[in-house]
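Asks: Next come a sequence and a model predicted from it.
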Amino acid sequence: MYSIGQFAKKTGLTIRALRYYDEKGLLTPAHISQGGQRLYNDDNILTVQKIVTYKYLDFTIEEIKALLHEENSLIESLQQQRHLLEQKRQQLDKVIASVDTAIKIHEKISVIEPTIFLLVLNSILTEEQQRTYFEQYLPLSVIDKIYGVLNDDLIELNRQYIEVAYAIKLANKEQASDEQLFALFQQFLNIIPRPIQIEIAQVFADVQIEELDDWLFPSPFTKEEEEWVMKQMERLQVLEVAFDEETSS
């Protein structure tokens, strides 16, 4: 028999962990003395080895408890766990790829604007949720085309987005001239190539979307900045000029 201290040293677990496993019904001591001392034997060592293995395989405490009592379901549980781990690996691969893209974007930008940069990273990470959102309104073929165009030059488009959005925020604070504002608004509107904008607009013209989800499609501007941008664009007739240029070309 081993005292709890001896057993902890032998198994590499803490005394606190052993007590926790006892409370959860995973590891019951072989004997408890009249004085309340927990005593463990070699069978308990085997149980600890199982618990540690199951934990390494990312099973929850409740799942481990079930496996310890129903070992005939071990293979089936392992197969299910492998499937879950595979899904997690795929998700991690996507997250790593997204972070790599964000790092490349950061290497290209000439300004430091953490808030807008994090919004861009969030947009990259939530692309699947964005697609699911649009599936309520648009055919998959259209969604694939939109994101295909956006992803073809993802780094450059986002570089422009961050830099121009930041410049517009500064223009608001510094009271830029009308000429500067007009140029910035045009740059912002033209980040996505005009032919693609027109095609997207034509698709959305036949679709009723009350308001885009702010969580999936966050604005780089505060509410006050958005109001200012809309007011200045209307005053400078930015959209009217863009429309006139398109119809005359």
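Replies: It's in.
Asks: what about residue 112, distance to residue 167?
Replies: Distance, residue 112 to residue 167, using CB to CB, to the nearest Å: 13 Å. All C-beta atoms are positioned from the backbone trio N, CA, C, and that covers glycine.
Asks: Mind pulling the model confidence for the residue of the chain most remote from its centre?
Replies: Relative to the centre of the chain, the most outlying C-alpha is that of residue 34, 53.9 Å out, by CA atoms, centre = their mean. The score at residue 34 is 86. That number is its pLDDT.
Asks: so how far is residue 170 from it?
Replies: As judged by CB to CB, residue 34 and residue 170 stand 77 Å apart.
Asks: again with residue 77
Replies: As judged by CB to CB, residue 77 and residue 170 stand 57 Å apart.
Asks: When those two are compared, which one has more neighbours?
Replies: Neighbours were counted for residue 77 and for residue 170 using other CB atoms under 10 Å; residue 77 has more, 18 against 13.
Asks: and the one helix or strand the more buried one maps to, what does it pack onto?
Replies: Element membership for residue 77 (DSSP states H and E) is helix 74-108. Packed against helix 74-108, as judged by 3 or more CB pairs under 8 Å, 6 or more residues apart in numbering; DSSP states H and E, are the following elements: helix 61-69, helix 114-125, helix 154-174.
Asks: would you turn those into a markdown table with distance to residue 4?
Replies: Shown next, in a markdown table, are these (distance: least, CB to CB, whole Å):
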| stretch | distance to residue 4 |
| --- | --- |
| helix 61-69 | 20 |
| helix 114-125 | 45 |
| helix 154-174 | 56 |
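Asks: which of residue 112 and residue 167 has more neighbours?
Replies: Taking other CB under 10 Å, residue 112 and residue 167 do not tie; residue 167 has more neighbours (18 against 10).
Asks: Low-confidence ranges, this structure, go.
Replies: Counting by pLDDT under 70, the ranges of the chain that qualify are 71-73, 210, 241-249.
Asks: Outline the domain layout of it.
Replies: Here the domain parsing of the chain from automatic domain parsing is 2-69, 93-248.
Asks: May I see those arranged in JSON lines, with distance to residue 81 as well?
Replies: Output for the domains of the chain, formatted as JSON lines (distance: least, CB to CB, whole Å):
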{"stretch": "domain 2-69", "distance to residue 81": "6"}
{"stretch": "domain 93-248", "distance to residue 81": "18"}
